[in-house]
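> Have a look; sequence and predicted model below, questions after that.
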Amino acid sequence: MTLMAGREVMKLERKVNGEWRCVAEWESDCEVRKITSEAEEREVFLRLFVPILDIQGYWIPSLRTPEPRVKWVIESQSAGQRDFPFLIFLNSAQQNICAVGLDCLQNDVAICARVNQETCNYEITLRVVMPSEDRSFCVQINRHRKIWTEVLAEWRHFVHVPAPKFPPAAWKPVYCTWYAAHAAVEQDWVERNAEIAAKLGFGTLIVDDGWCFDAMKRVSPQTIDTWYEMIGDWVLSTKKFPDFNTHRARVQALGLKYLLWATPFLIGAKSRFYREFKECCGPICHEGCYTLDPACEAAKKEMIRRLSSLVNDHGLDGLKIDFLDQITPNCDTPRGRETSQFIAELSAAIRECKSDALIEFRESYATVAMLPFGTQFRAGDVPFDFLDNFQRIVKIRVGMGDCIPVHADPAYWHPQESPDNISRHMIAAMAGVPMLSMDLTKISEMERLIIGNWLKFYATHLEHFQAARWQASYQWGITEFLSSTTDGRRIVILNHADAVQRASADFQGELILLNMTPESIECPGAACLDCLGNPTKVLRPGGRAALQISGE
């Protein structure tokens, strides 16, 4: 970077024949540059320099909240199936100093920023693998002095991946079997829990891992080393589900959509699929399985055939598609484009069986690149931890934008957890579409009342959540609140007791506060309810409050 007429000039360099050459200079606060590669170029290397002026932190897509330090080396790798190519530097007020983003979402991309203490710069290197079918991409460098989430939104607009029309069922609360049972799951247990779930207000059932092998087991240090050894064939266990289609019909008759878990890239060491396509799997066996190479055309076709047949033959409403991020971005052995193509073909095959199929994707591949292929985008695994669940949901929201069915990880708590904390679990889930994984046949009446209370609240405000403009406010290390705003109503999830005034700034209308903090909060003029919906004088932990804010 140089100085010209008193203004900072950005300089973008490109490596050509081993030497760095300047390819662009500009003074504007936001610039987009198109990069085109020659036919023989397998990779493009770019470089720019950002002065370490008023920089106190950074954010990349793998982080749940911004990191509050000037880190010596920042590295990020992305492809369509994991994260996205974006780096932003922030000041202590959470404002953007400089953001770098690319629009080649499916390419394997490596971003590395290193501190050069002598020059007082961050030296940022971009490494982009170029596929033969697409020889160009664009880089956006944004220096708008705005709150960083607004600059991230500008990058989303720049890459422009239109959101599809999501099936209405993608917005319905989900009951998942995973934490409640792990692989110790069978037909009668599922039906007993499904019946209770339907009465509580859930709209979807996910039977997670365990339906395709006979062993009744829980995850433990004794079982994890061989956990996935039988997956990959995607054939129902008749021992656990002796009459699956009849069972599935009974669950659907309760008003629940029925999904099964599947992971196309993990192939069990004892599966028939592995024996048939061993040469298409990687050499490392981890937790009993190998990783499928998405570039293997024959294996890809057979896996897609099996999973789409599973949906078609058993009358399913969709699939929970897990571990797509196991194909890790890597510029040395790139598989980003092949993985994205695999996901696109799998999604199309499932929708050919059922046009409104539900397809769940998990956190690291819950990105704008996956918008055309998934219908719901879920936070990563966080049993017991409602604060982390909340922050993961918020991270997906700020990365993907509004009007997207972002799902909570299933709420799960200790059987002796306090009512206030159980309610805080449910409030965290209100940041997205609520999901739960408790054994409903064993929970107390108090737990049922709290769950039912919050699912009723979600149903009452569903149209608001679907149409709302979402805004997250951060302090270093935490998301202090998340608000959703429509005309005349704002619903705020508080993660910091002192954030009420900031969360209600510049708003007129009905304000609803959900208290996820451990503190009671004074709310003059508000109608306050506790975790069970009973009136209280103050906004208690796990409770909610409603008040009208006028322009006076």
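Now that the structure is in, tell me what you want to look at. Numbering: from 1, shown residues only.
> Verify the stated contact: residue 60 with residue 77.
No: using C-beta atoms under 8 Å, residue 60 makes no contact with residue 77, being 9.8 Å away. To be clear about C-beta, it is placed using only N, CA and C from the backbone, and glycine gets the same treatment.
> what's the overlap in contacts for these two?
Counting by C-beta atoms under 8 Å, 6 or more residues apart in numbering, the common neighbours of residue 60 and residue 77 are 83, 111.
> low-confidence ranges in this protein?
Segments of the chain classed as low confidence (criterion: pLDDT under 70) are 1-7, 551-552.
> domains for the chain, by residue range?
The record's domain parsing of the chain by automatic domain parsing lists 2-159, 168-378.
> Go ahead and flag the most central residue of the chain.
With the centre of the chain defined as its mean C-alpha position, the nearest residue by C-alpha atoms, centre = their mean is residue 363, 2.9 Å away.
> Residue 125 versus the closest residue to that residue other than its chain neighbours, what's the distance?
Across the structure, with C-beta to C-beta, 6 or more residues apart in numbering as the measure, the residue nearest residue 363 apart from its sequence neighbours is residue 380 (4.0 Å). Summarising the geometry, the distance separating residue 380 from residue 125, computed by C-beta to C-beta, to the nearest Å, is 28 Å.
> cool, and residue 297?
Using C-beta to C-beta, we find residue 297 at a distance of 34 Å from residue 125.
> ok, these two, which is more surrounded?
Neighbour totals were compared for residue 297 and residue 125, and residue 125 leads with 17 against 10 (other C-beta atoms under 10 Å).
> strands paired with whichever helix or strand that one is part of, and their directions?
Assigned by DSSP states H and E, residue 125 belongs to strand 121-129. Looking at strand 121-129 with DSSP bridges, its paired strands and their directions are strand 43-51 (antiparallel), strand 109-116 (antiparallel).
> who touches the longest one?
Under the criterion C-beta under 8 Å, 6+ apart, residues 1, 8, 10-15, 20, 35, 37, 89, 97-98, 100, 113, 116, 119-130, 137, 139, 141, 331 lie in contact with strand 43-51.
> rerun at 7 Å
Applying C-beta atoms under 7 Å, 6 or more residues apart in numbering, the set of residues contacting strand 43-51 from outside is 1, 10-15, 20, 35, 37, 89, 98, 120-130, 139, 141, 331.
> cool, stretch 322-337 as well?
Contact partners of stretch 322-337, identified using C-beta under 7 Å, 6+ apart, comprise 43, 77-82, 106-108, 110, 127, 129, 131, 261, 263, 265-266, 291, 294-295, 339, 343, 361-362, 364-365.
> List the ones among these that fall in helices.
Counted as lying in helices by DSSP state H, out of the contacts of stretch 322-337, are 339, 343.
> Just the buried ones from the contacts of stretch 322-337, in ChimeraX syntax?
One line in ChimeraX is enough to select the buried members of the contacts of stretch 322-337, burial here meaning 16 or more other C-beta atoms under 10 Å:
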select :43,77,78,79,80,81,82,106,107,108,110,127,129,131,261,263,265,266,291,294,295,339,343,361,362,364,365
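> out of the contacts of stretch 322-337, which are inside strands?
In strands, judged by DSSP state E, the following of these are found: 43, 77-78, 110, 127, 129, 261, 266, 291, 361-362.
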